[in-house]
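Visitor: Got a sequence here, can you build the structure:
(one chain, ligands or ions: 1)
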Amino acid sequence: MSNNGIIHEATTKQRLLAMTFDDGPDETYTPQLLQVLAAHGAKATFYMIGSSIEAYPDVARAVHSQGHEIGNHTYNHPYLTKIAHAERKEQLERTHTLIIEITGSSPATFRPPYIDYNDEVAAEAAAMDYQMIGAVNMEAMDWAAPGVDHIVSKTMEQVRNGGILIFHDGYGDRSQTVEAVKQLVPELMHQGYRFVTVSELLKTAEPV
Ligand SMILES: [Zn+2]
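Guide: Numbering: from 1, shown residues only. All right, here's what the predicted structure looks like:
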């Protein structure tokens with residue numbers, strides 16, 4: 001289930017998936033995704049950048065009020081293995097506080113930008129009671145806008161019980177992501193999958 005402390009999927013016999021959206025909140029694409037998710041009663045997790053929470057607090061509040069999880073994705077998206085300990089700590093703590101201001105409670109999960117981490121990053125995340133979250137569909141590469149069909153097919157290849165799926169709602173034109181999610185959610189629900197938050201998914205994990 002985990003490798004060096006990062007979790008790409010949960011072990012479960014249930015047909016559960018966790019969709020995640022990184023790099024928001026964004027005033028254009030986050031509301032579009034919220035609409036798609038609401039239309040299907042799907043829950044997701046948004047790994048937000050602290051500086052973007054400051055820019056679009058209302059969008060962050062809408063994400064929370066619609067029952068989605070907000071996770072920590074640092075303050076301004078550095079490579080965490082390339083900065084000093086104190087700066088790293090500040091990146092995590094500043095966004096931790098911003099999320100508490102939005103949700104009223106401590107965020108439970110964290111995704112390192114670029115999935116760039118080492119033992120020190122893992123230890124710091126653990127010290128803050130964070131679970132460090134990866135994903136199984138990295139090859140979908142939605143952040144590079146490789147085409148809707150690519151995002152959909154590379155994601156479908158990796159879909160399995162307990163899988164965590166990565167997409168992006170901020171920092172660029174995310175219209176391909178919105179379209180891909182519009183196709184993926186109903187198709188996967190048709191296959192019997194249910195979309196839950198990462199924290200909810202991890203609660204169902206069985207000891208291996
Ligand atoms: Zn990111």
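Visitor: what separates the longest helix anywhere in the chain from the chain centre, distance-wise?
Guide: Criterion DSSP state H: the longest helix present in the chain is helix 85-103. Chain-centre distance of helix 85-103: 16 Å, with CA atoms, centre = their mean, to the nearest Å.
Visitor: I'd like the next helix or strand past the worst-scoring helix or strand of the chain on mean pLDDT.
Guide: Considering only helices and strands, the least confidently modelled element of the chain by mean pLDDT, DSSP states H and E is strand 2-3, at a mean of 47. Along the chain past strand 2-3, the next helix or strand (assigned with DSSP states H and E) turns out to be strand 6-7.
Visitor: From the chain's centroid, how far away is the helix or strand following that following strand?
Guide: Next helix or strand after strand 6-7 toward the C-terminus (DSSP H and E): strand 16-24. Mean C-alpha position of strand 16-24 versus that of the full chain (CA atoms, centre = their mean) differs by 4 Å.
Visitor: on that earlier part again, may I see the buried residues of the longest helix of the chain?
Guide: Of the residues in helix 85-103, R88, Q91, L92, R94, T95, H96, L98, I99, I102, T103 count as buried by neighbour count, 16 or more other CB atoms under 10 Å. C-beta coordinates here come from the backbone N, C-alpha and C atoms, glycine included.
Visitor: just stretch 47-63 next, same as before
Guide: Applying 16+ other CB under 10 Å to stretch 47-63 flags Y47, M48, I49, G50, S52, I53, Y56, V59, A60, R61, A62, V63 as buried.
Visitor: Among those residues, which lie within helices?
Guide: Per DSSP H, the subset of these in helices is G50, S52, I53, V59, A60, R61, A62, V63.
Visitor: Not counting sequence-adjacent ones, nearest residue to the fourth one?
Guide: For V59, ignoring the flanking residues on the chain, the nearest one in space by CB to CB, 6 or more residues apart in numbering is P25 at 3.8 Å.
Visitor: I'd assumed H64 was in contact with that neighbour.
Guide: No. Look at P25 against H64 with CB atoms under 8 Å: they stay out of range, at 10.2 Å.
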